[in-house]
Every structure is written in structure tokens, then in C-alpha cells.
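A.B. asks: Provide a 3D model corresponding to the input given below.
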Amino acid sequence: MTDLLCSVRLFLISTLVCVVVYGGAVVGLGQIVFPRQSQGTLLLDGEGRPCGSYRIAQAFSRPEYFWPRPSACGYAADATGGSNLSPTNPALTERARETLARFELQPGERVPAELLAASGSGLDPHITTAAAALQVERVARARGVTAEQVRALFPEAEDGTLRVFGGEPLINVLVLNLALDRSHRSRRAPPPR
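C.D. replies: Residues are numbered from 1 along each chain as shown. Alright, predicted model coming up:
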């Protein structure tokens, strides 16, 4: 009986220390040291309301917005994951064809790979500068502004994290679209909430 009582006490103390004390310390330290990140790195719209996270892609399909890379999980943060489709799978080829059809390509123009292939998580919020440049004319035309005015917003949306490792800068699609809304209101209806 004493062994059982000792085991129950040890279980309760371990649970208290490992779950309550340790968990509370990690959450509290995260709130103090990294307050923005621990809250989901939320971005605010022009009215100060949260409209998305810096780290999670969102679906944009209207012509006045830059489009992110495809998502195998429908941009659902609670269902992340890749498609697990092999390069020879006809479903992957069909998805790429449908995506290509959305772009108004000039003869000989190429689409960067990330606009055709989903990321491993399905939620990558970044595209390359080349992928953003491919969309500039469409976005500028839909907003009634010049391509140069749209390109001028690229530095505001750049994430230079990969530059540390010699990579190219990436563009955060949500940040770029928010900058577009602030600088060049669309001639169309306001973005959906």
C-alpha cells in the first residue's frame, strides 16, 4: 500500500512540476521575451483589427491582389501538410495547369516554381521577388495604378531572413497586399474580412 501511495504522490508532484510549473514558466517567459511572436505575429488592417499572421499564408484570388503559392490544405492553419503527390501524379499536373491558366503569360514567359507547387506545410506566406514581379502588371491594371507604383512596395514586404544564408529576399504576400490597400485603394469592392 505504501508503494502505491508513494507512486501516486510522485505522479502528482511530477505532473505539477512538469505540466503546471514548467508550462507556465515557458508561456510566461515567451510573453515577456517574445511578446509579438507568442501572440501569433498578427498583422493589423488599416482599422487596427487583426487580419492575419505574418507566418501563415492566406488565400487571395482577386486580380487586384498578389496571389500566394498554392496550398495543399486550403490555407487552413489547423490542417497543415503537403499534398504528398508525386511529380508523376496526374492530379499534380492538372493543378499546375489550372494555376498556369490564371496567369496572363506572354509568349516565352515562365512562372516561378513556387506559384505552381505547394510548400511542405501548405502555409508558406512568402513568394520570391520573381513570382511577385510576374503579377505586377495584373495588380497594377486592376488597381488603376502604374507597375512602378506597385513595385515600389516590394521593399516594405521583403523578408530578408534568408539573406543571412546567401539566399534571395522573399516577399510576404499578406504584408504586400496590406501595403497595396494602404497605398492604392482598389477600384473594386474592399477586401473581404
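A.B. asks: the protein: helices as residue ranges?
C.D. replies: The residue ranges that make up the helices of the chain, judged by DSSP state H, are 2-15, 22-33, 35-38, 90-102, 129-143, 147-151, 154-157, 173-183.
A.B. asks: next one: the fifth one to chain centre, how far?
C.D. replies: Just to be clear, that refers to helix 129-143. Mean-position distance between helix 129-143 and its chain equals 18 Å (C-alpha atoms, centre = their mean, to the nearest Å).
A.B. asks: re earlier: for the helices of the chain, give me JSON lines that also has mean neighbour count.
C.D. replies: For the C-beta atoms, the positions are set from N, CA and C on the backbone; glycine is no exception. Listed next are those as JSON lines, based on neighbours: other C-beta atoms under 10 Å:
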{"stretch": "helix 2-15", "mean neighbour count": "9"}
{"stretch": "helix 22-33", "mean neighbour count": "11"}
{"stretch": "helix 35-38", "mean neighbour count": "11"}
{"stretch": "helix 90-102", "mean neighbour count": "12"}
{"stretch": "helix 129-143", "mean neighbour count": "19"}
{"stretch": "helix 147-151", "mean neighbour count": "16"}
{"stretch": "helix 154-157", "mean neighbour count": "16"}
{"stretch": "helix 173-183", "mean neighbour count": "21"}
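A.B. asks: name the helix or strand of the protein that has the lowest mean pLDDT.
C.D. replies: With mean pLDDT, DSSP states H and E as the measure, the helix or strand of the chain carrying the lowest mean pLDDT is helix 35-38 (a mean of 66).
A.B. asks: quick revisit: for the helices of the chain, which one sits closest to A76?
C.D. replies: Each of the helices of the chain has some distance to A76 by C-beta to C-beta; the shortest is helix 173-183, at 15.6 Å.
A.B. asks: the closest one vs helix 129-143, what angle?
C.D. replies: 30 degrees (axes from the mean of the first three to the mean of the last three C-alpha atoms, to 10 degrees).
A.B. asks: need the contact partners of helix 173-183.
C.D. replies: Contacting residues not belonging to helix 173-183 are listed as 43, 45-46, 51-54, 57-58, 60, 64-68, 125-127, 132, 139, 143, 149-150, 153-154, 156-157, 186, 191 [C-beta atoms under 8 Å, 6 or more residues apart in numbering].
A.B. asks: on that earlier part again, make CSV out of the helices of the chain and add distance to T80.
C.D. replies: Supplementary listing: these in CSV, determined by distance: least, C-beta to C-beta, whole Å:
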stretch, distance to T80
helix 2-15, 30
helix 22-33, 21
helix 35-38, 18
helix 90-102, 18
helix 129-143, 21
helix 147-151, 30
helix 154-157, 23
helix 173-183, 17
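A.B. asks: next one: the closest residue to A133 other than its chain neighbours from A131, what distance?
C.D. replies: If you skip the residues right next to it in sequence, A133 has R151 as its closest partner in space, 7.4 Å away by C-beta to C-beta, 6 or more residues apart in numbering. Here the distance between R151 and A131 works out to 13 Å (C-beta to C-beta, to the nearest Å).
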